[in-house]
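*Asks:* Fold the following and give me the result.
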Amino acid sequence: MKHNLIITFLFLFSYATFHAMAQSHADIEKVWYNTKKTAKISIYKNGNTYEGKIVWLKTPKNEEGKDKVDKHNPDRSLQQRPIFGLVLLRGFKADGNGHYSGGKIYDPENGKTYSCKMELIDSKNLDVRGYIGISLLGRTEHWTAAL
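*Replies:* Modelled structure (predicted):
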């Protein structure tokens, strides 16, 4: 009986270890829908950090039929840059077990940049938390893999 318990424990420990290792950095490197499914963001590695840029917009044109631009950016010289192709995520480092921190997220809807951390829930779900100061003062968005 004791022998079976040890074998069961070793099996469960091995499975948990394998599952954690399976959630590799490559899992985050894909295209994600934002929460509202109005944009797709491609997350990729740039040097030793991860970034993410807009690669699709549900509504790429404004009311006048022109490409949407970064009109809320506080830097006037950047207010005419296109939203399509805009880098929203910068500077993320993998902490292990699907956690990424140390990054920033830019919100083109209000022109503000926030500290950010991300957690890969599984291969199809990513929680992105933008915050000011400490992560308790923030908001979590749930992104899904764009298949």
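
*Asks:* how much space between Pro60 and Ile54?
*Replies:* According to C-beta to C-beta, to the nearest Å, Pro60 and Ile54 sit 10 Å apart. All C-beta atoms are positioned from the backbone trio N, CA, C, and that covers glycine.

*Asks:* list residues touching both of these two?
*Replies:* Residues within reach of Pro60 and of Ile54 at once, by C-beta atoms under 8 Å, 6 or more residues apart in numbering, are 83-84.

*Asks:* Who has more neighbours out of those two?
*Replies:* When neighbours are counted by other C-beta atoms under 10 Å, Ile54 comes out ahead of the other of Pro60 and Ile54, with 20 against 14.

*Asks:* OK, contacts around that one?
*Replies:* If a contact means C-beta under 8 Å, 6+ apart, then Ile54 has 39-41, 83-86, 88 as its contacts.

*Asks:* So Gln79 is in contact with Pro108, correct?
*Replies:* No: in terms of C-beta atoms under 8 Å, Gln79 does not count as a neighbour of Pro108; the distance is 10.5 Å.
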